[in-house]
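Undergrad: sequence unknown, structure follows:
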């Protein structure tokens, strides 16, 4: 049976998850893009900024398994919406920070709530896709992490240049509220979705049933416990490389956007949205000029 005959609703569902992942990574990348401005505005040292970053990473690490439990308990429809509201509110709260300790608190709250995005995406893939399509579906929603980090520098730099550093967090946080509403009112399980065709429902649920039957045979109808799992070599062959990769990824997520923001003015330069170079002059209470290194586009006062 072809994809056209089966239906495409499941791909629309994963597209919505992808958009949520984009907004998730847009919010988490906002601080690192705005870091040069914030460090200048609040006279924040690199060591103090590192504590802000560490607050997010520690909270994110602790929250991921807890977020998974919460999603299993509440269901992905309600759970994903609530976590999205949480990370949106936490990101908006950054605009009211008065120094690195308050930034660390809000950053920790962001880590606690944003940790649900990937577990939620995996859960949606498991519910909406048969095993043969799950790898592709996971790849599609995972591109949201890269897209969110890519669009953060131009969006945040533009907000800082035009409205001030506070707006960068309010703008990147507020869009999450809209997404949470769309998700809650638009998502249903395949068993309950009114727009899902009978053929697509059979395609999804039939694949899940075949997978469950195969798992029962392989496991001898017995669940795999933690004690059995942690002594398996295949588990550690996945866990160790993944842990090493995540360490590099978290470092890149907290430092690379800050570097990218130093060149983001080239994106805005000449745009009808921004008159000339956005960092060519001091801006009261914004310290936007601190973002850029001097002299890279000519002129004695230009800092882009």
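TA: Now that the structure is in, tell me what you want to look at. For clarity, every value in this text was computed on a predicted model and none was experimentally measured.
Undergrad: To what extent is residue 142 buried, counted in neighbours?
TA: Neighbours of residue 142 under the rule other CB atoms under 10 Å: 16. C-betas here are computed from N, CA, C, even on glycine.
Undergrad: Quick check: residue 169 touching residue 94?
TA: Yes. Residue 169 sits in contact with residue 94 when judged by CB atoms under 8 Å, with a separation of 3.9 Å.
Undergrad: If you count neighbours, what's buried in stretch 111-131?
TA: For stretch 111-131, the neighbour count (16 or more other CB atoms under 10 Å) marks 111-125, 127-130 as buried.
Undergrad: from the middle of its chain, how far away would that stretch be?
TA: 12 Å (CA atoms, centre = their mean, to the nearest Å).
Undergrad: Endpoints of that stretch, how far apart?
TA: Terminal residues of stretch 111-131 are spaced 30 Å apart (CA to CA, to the nearest Å).
Undergrad: what does the average pLDDT come to for that stretch?
TA: Average pLDDT, stretch 111-131: 94.
Undergrad: Ok, stretch 149-168 next?
TA: Here the average pLDDT along stretch 149-168 is 94.
Undergrad: buried ones in it?
TA: Applying a neighbour-count criterion of 16+ other CB under 10 Å, one finds 149-150, 152-162, 164-168 buried in stretch 149-168.
Undergrad: Next: stretch 31-39.
TA: The neighbour-count check on stretch 31-39 (16+ other CB under 10 Å) flags 31-39 as buried.
Undergrad: Repeat that for stretch 140-150.
TA: Buried residues in stretch 140-150, counting neighbours by 16+ other CB under 10 Å, are found at 140-142, 144-145, 147-150.
Undergrad: can you list contacts of stretch 128-137?
TA: When contacts are defined by CB atoms under 8 Å, 6 or more residues apart in numbering, stretch 128-137 is touched by residues 10-11, 13-14, 125-126, 190, 203-204, 206-208, 210-211.
Undergrad: When you filter those down to buried only, what's left?
TA: 10, 13-14, 125, 190, 203-204, 207-208.
Undergrad: out of those, who's nearest residue 233?
TA: Proximity of the buried ones among the contacts of stretch 128-137 to residue 233 (CB to CB) peaks at residue 125, which lies at 26.1 Å.
Undergrad: element containing the closest one?
TA: In this assignment (DSSP states H and E), residue 125 forms part of helix 117-128.
Undergrad: Next, the angle from the helix or strand following that helix to helix 117-128.
TA: On the C-terminal side of helix 117-128, the closest following helix or strand by DSSP H and E is helix 131-163. Between helix 131-163 and helix 117-128, the angle comes out at 140 degrees (axes from the mean of the first three to the mean of the last three CA atoms, to 10 degrees).
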